[in-house]
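Asker: What follows is a predicted structure for the sequence shown.
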Amino acid sequence: MYRTIHKYSEFTEYSMGNFSILFELEKQLHSSEVRSDPSRIASLLSPDFYEFGSSGKVWTREAILKNLPAEDGKTKIESRDYKASSLSEDVILVTYISVRVTEGMDSQEFLRSSIWRNHSGNWKMEFHQGTLRSV
């Protein structure tokens, strides 16, 4: 019953409807507009959300809601190579590569994975992990 979708460009029209919304939600979480707005962040995270950060720190939903809006906005996040795997009818694993670009510093690449669950028609992120990519 598991179905793996590989590259974003290989999706069928049916798959695009199922998964492209999740890629867009991920990208929203990268934008400074959303990251600076606790209510918008809260609307995308499950009440039980947690994250294994690339720093090795475990982040709770409450910590994310407190810390993301406090960022200075100088760091930009770019992402690519989105993939999705259906874990069940309403649970999807999304993976991709992100690049953190900070003015005057070397950029860093990360392997990212998120688990999204459909809650009565609304997708919420349940879990996220970031791992520094070795080059």
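Answerer: Received it, and whenever you're ready, just let me know what you need.

Asker: Okay, now the unreliable bits of the chain?
Answerer: 1-18 (pLDDT under 70).

Asker: can you map out the helices along the protein?
Answerer: Under the criterion DSSP state H, helices of the chain are mapped to 13-30, 32-35, 38-44, 61-67.

Asker: Quick one: closest of those to residue 97.
Answerer: helix 13-30 (11.6 Å; C-beta to C-beta). Just so you know, the C-beta spots here come from the backbone N, C-alpha and C atoms, and that holds for glycine as well.

Asker: these two touch, right, residue 103 and residue 72?
Answerer: No - the criterion here is C-beta atoms under 8 Å, and residue 103 misses it with residue 72 at 10.6 Å.

Asker: tell me the centre residue of the protein?
Answerer: Centroid-nearest residue in the chain: residue 26, 3.9 Å away (criterion: C-alpha atoms, centre = their mean).

Asker: my read: that residue touches residue 114, true?
Answerer: Yes - using C-beta under 8 Å, residue 26 makes contact with residue 114 at a distance of 6.4 Å.
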